[in-house]
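Colleague: Sequence unavailable; structure follows:
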């Protein structure tokens, strides 16, 4: 019999917040719809079927390749034990927060026309390999680097949680490496695949900076980039609205299908599994897979650091515009992270105090807001809304960017904080009720200390998402209000590649520091308060 | 006296309901035994207020307890495990038994007194996760002392303990029950626990309680 702490205030606060987010999303969609009906859409020459086809092909290929790479990588990491393994796992875990435009830039510096590979090829063989970093191949490469690593981290958690008893049985039966994968691993992974595929498809379908930087022209344009182009370059609001409506329809359909497939567990723990080494050929294959993946993931990032720190950093640091952009990025990142924490905590605490039923489902819905209404669409909606309200976009920009970034980080924040909060409520509900702990005391004595690291991880995720965001700021940025990603994008657009290199390196360093440092810092603070 | 009369409850889909009737005196330990799944924990959940009965009464010295929510019932719980929050120190776990507005100096003194009474002087700063099973149960009993609730519900509290520790904790429960006049209800399927502790015994069979053996004073 499940006993939950009696928390009507938490439930009321979560319902109010969920309703407010739903109202905000509805308002944004209304603004888009009103703009669509208010302007003649016949003048628009946007080829939506072509864009939809290209976006779907790109997202579909990304999904298949990422799942294949992610499975192979998770399999290798699960089997191999070596010094620095935790660091490697952490490296792949950071994929979720690595700014897409930094990875894209890293790929250009390795595989681009003037990249390392081309220079090496021309020096050694006198042959150019062209520019594989541009076009569909470049987009897929960048997506697979990020989404494959993301998939690997999720799948590795599943493999690490396989019960020790099952492994002991398999080992005692003398299963080969292939039998072990087919009989023990795959049944464990299979249930995660549909939900994971849906998430990767959505991430690729709504990808913005990578397609913008590596797309290489209209042939590979996606809906997301087309919306940006329609608003900022062609001033075709009617066309942008039609594109946004198409984007929302596809995303909603995918989410509906994904929600029927069951959730992806975020935290599974590890079983005390026995050490079971596969045969030598399998281990060799695992080592090869791991080495290729590390090279594929780390090389572009190392290249960004090397290029950025070697050229252009000095002159960039001397420019006041850089410091303004850096300050804006930090302030917006910090504000977004704090707002995300408040939103996620309120929603997750209300959900944790609610027994299974429709209300519980309802309180989980705001987490899907971003996936249904992607960054550029949300941004477009806010853009139209502030115009309709007679507010200059420049005036509303900082607030809109903070709010939009928080909504974008919310699903990941809920996935980080929700499960541990619910686990506390469910496993200790009886004790908490019988002790008569107030809601505040439950939070201060039980939840806050236990969630220290999770809160840090959540703040780091939200901060990094905001730090690397280009989708929201792209529509609201001005010459006076820009963040580092927008400054980098503008530098690329005006062929100041040294500036872009240096900004990319700074963004990467900032992301690494926040992703590694924030969870430790918050955990230390929480421990000190015990 | 704690008097339970025709306390009736059925889980969803359960055709025949449980009907519990028994009495428990102050300063005495009343043992409820029965096989696994016989409904012992259901009875404790009903007494603690986690389940709502469909009929019957639960009265302590004539006062009806059924309208009270779990947190307001004059009841303390001691479970087989998970009675403590592992991330907190022993002292902070015990202090949760006091109202949150209790002054710090008074809290420290009362926690120290409770620790002394259960024989854990000087262990207040130790994190609960690092305590042994027996020490954890002592800390939970110390918290019960501060809560000063007249009914103590014990749900298989000795199951995870070795024989020696088991005997020591049983003695402590016996001493505290007598000293503080608690109405202690012990649920256990271990015959030796029941034999060693019980003043009154009931056996739960076919969803009914029936007295077993003689009442010891």
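Modeller: Here it is on my side, so go on. Keep in mind that what you see is a predicted model, and the values were worked out from it rather than measured.
Colleague: any idea which helix or strand comes after the helix or strand bottoming out on mean pLDDT in chain A?
Modeller: Least confident helix or strand, chain A: helix A:369-372 with a mean of 67, by mean pLDDT, DSSP states H and E. Of the helices and strands lying after helix A:369-372 in sequence (DSSP states H and E), the nearest is helix A:375-388.
Colleague: Quick one: mean pLDDT over that following helix.
Modeller: Mean pLDDT, helix A:375-388: 82.
Colleague: From the contact counts, what lies against the following helix or strand past that helix?
Modeller: Using DSSP H and E, the next helix or strand after helix A:375-388 towards the C-terminus is helix A:393-435. Under the contact criterion of 3 or more CB pairs under 8 Å, 6 or more residues apart in numbering or on different chains; DSSP states H and E, helix A:393-435 touches helix A:320-352, helix A:369-372, helix A:375-388, helix A:452-468, helix A:473-476, strand B:75-78. Every C-beta, even on glycine, is put in place using the N, C-alpha and C of the backbone.
Colleague: By proximity to chain A, which residue of chain B wins?
Modeller: residue B:71 (3.2 Å; CB to the nearest CB).
Colleague: That residue falls within a strand, correct?
Modeller: No - counting by DSSP: H, G, I helix; E, B strand; the rest coil, residue B:71 falls outside a strand, being helix.
Colleague: residues contacting it?
Modeller: Residue B:71 sits next to A:6, A:433, A:434, A:435, A:436, A:437 when contact means CB atoms under 8 Å, 6 or more residues apart in numbering or on different chains.
Colleague: Touching, the fourth one and residue B:98? I think so.
Modeller: No - distance between residue A:435 and residue B:98: 10.3 Å, which falls outside the contact criterion (CB atoms under 8 Å).
Colleague: And those two? Which one has more around it.
Modeller: residue A:435 (23 against 18; other CB atoms under 10 Å in any protein chain shown).
Colleague: spatially speaking, which residue is in the middle of chain B?
Modeller: residue B:153 (2.1 Å; CA atoms, centre = their mean).
Colleague: What helices and strands are in contact with the helix or strand hosting that one?
Modeller: Using DSSP H and E, residue B:153 sits within strand B:151-155. Counting contacts by 3+ CB pairs under 8 Å, 6+ apart, strand B:151-155 packs against helix B:40-48, strand B:75-78, helix B:163-180, strand B:183-187.
Colleague: Across the sheet, point out what pairs with the residue nearest to the centre of chain B.
Modeller: residue B:77, residue B:185 (DSSP bridges).
Colleague: Might you report the residue contacts of it?
Modeller: B:44, B:47, B:48, B:75, B:76, B:77, B:78, B:185, B:187.
Colleague: can you redo those as a markdown table with pLDDT, neighbour count and distance to residue A:346?
Modeller: Converted to a markdown table, the contacts of residue B:153 look like this (pLDDT from 0 to 100; neighbours: other CB atoms under 10 Å in any protein chain shown; distance: CB to CB, whole Å):
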| residue | pLDDT | neighbour count | distance to residue A:346 |
| --- | --- | --- | --- |
| B:44 | 92 | 23 | 34 |
| B:47 | 94 | 26 | 34 |
| B:48 | 89 | 21 | 29 |
| B:75 | 91 | 25 | 31 |
| B:76 | 90 | 26 | 32 |
| B:77 | 87 | 26 | 29 |
| B:78 | 87 | 21 | 34 |
| B:185 | 96 | 26 | 39 |
| B:187 | 93 | 25 | 38 |
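Colleague: pretty sure residue A:100 contacts residue A:206?
Modeller: No - the criterion here is CB under 8 Å, and residue A:100 misses it with residue A:206 at 10.9 Å.
Colleague: Name the residues of the strand holding residue B:153 that are buried.
Modeller: Residues of strand B:151-155 classed as buried by neighbour count (16 or more other CB atoms under 10 Å in any protein chain shown): B:151, B:152, B:153, B:154, B:155.
Colleague: one step back: from residue A:352, how far off is the residue of chain B closest to chain A?
Modeller: 18 Å (CB to CB, to the nearest Å).
Colleague: same deal with residue A:402?
Modeller: From residue A:402 to residue A:352 the distance is 26 Å (CB to CB).
Colleague: Repeat that for residue A:395.
Modeller: Residue A:395 is 38 Å from residue A:352, by CB to CB.
Colleague: Comparing the two, which shows the higher neighbour count?
Modeller: More neighbours surround residue A:352 than the other of residue A:395 and residue A:352, with 27 against 11 (other CB under 10 Å).
Colleague: Contacts only, for the more buried one.
Modeller: A:4, A:10, A:418, A:421, A:422, A:424, A:425, A:426.
Colleague: Any chance of a markdown table for those residues, columns pLDDT?
Modeller: Listed next are these as a markdown table, based on pLDDT from 0 to 100:
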| residue | pLDDT |
| --- | --- |
| A:4 | 73 |
| A:10 | 89 |
| A:418 | 84 |
| A:421 | 86 |
| A:422 | 83 |
| A:424 | 85 |
| A:425 | 83 |
| A:426 | 81 |
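Colleague: what sits against the spatially closest residue to residue B:75 that is not a sequence neighbour?
Modeller: Spatial nearest neighbour of residue B:75, chain neighbours left out: residue B:151 (4.6 Å); criterion: CB to CB, 6 or more residues apart in numbering or on different chains. Shown in contact with residue B:151 (CB under 8 Å, 6+ apart): B:2, B:47, B:60, B:73, B:74, B:75, B:76, B:182, B:183, B:184, B:185.
Colleague: Residues contacting stretch B:108-124, please?
Modeller: By CB under 8 Å, 6+ apart, stretch B:108-124 touches B:89-91, B:94-95, B:97-98, B:102, B:131, B:135, B:138-139, B:141-143, B:145-146, B:172, B:176.
Colleague: so which of those residues are also by chain A?
Modeller: B:89, B:97, B:143 (CB under 8 Å from any CB of the partner chain).
Colleague: Point out the least confident member of those residues, please.
Modeller: residue B:97 (88).
Colleague: Please name the residues that touch that residue.
Modeller: A:435, B:114, B:143, B:144, B:145, B:146, B:147.
Colleague: Among the residues you listed, name the buried ones.
Modeller: A:435, B:114, B:143, B:144, B:145, B:146, B:147.
Colleague: nearest spatial neighbour of the fifth one, skipping sequence neighbours?
Modeller: What it means is residue B:145. residue B:114 (4.6 Å).
Colleague: Show me which residues of chain B sit near chain A.
Modeller: B:11, B:42, B:45, B:48-51, B:69-72, B:75-77, B:79, B:82-83, B:85, B:87-89, B:92, B:96-97, B:100, B:143, B:147.
Colleague: just the buried members of those residues?
Modeller: B:42, B:45, B:48-51, B:70-71, B:75-77, B:79, B:83, B:85, B:87-89, B:92, B:96-97, B:143, B:147.
Colleague: Figure out how far stretch A:510-524 is from the centre of its chain.
Modeller: 17 Å (CA atoms, centre = their mean, to the nearest Å).
Colleague: Flag every buried residue along it.
Modeller: Neighbour-count burial for stretch A:510-524, counted by 16+ other CB under 10 Å, picks out A:510, A:511, A:512, A:514, A:515, A:518, A:519, A:522, A:523.
Colleague: Go ahead and confirm the second one touches residue A:465.
Modeller: This means residue A:511. No - checked against CB under 8 Å, the pair residue A:511 and residue A:465 is beyond contact range at 9.7 Å.
Colleague: tell me the SS of residue B:4?
Modeller: Residue B:4 carries the three-state label strand when classified by three-state DSSP.
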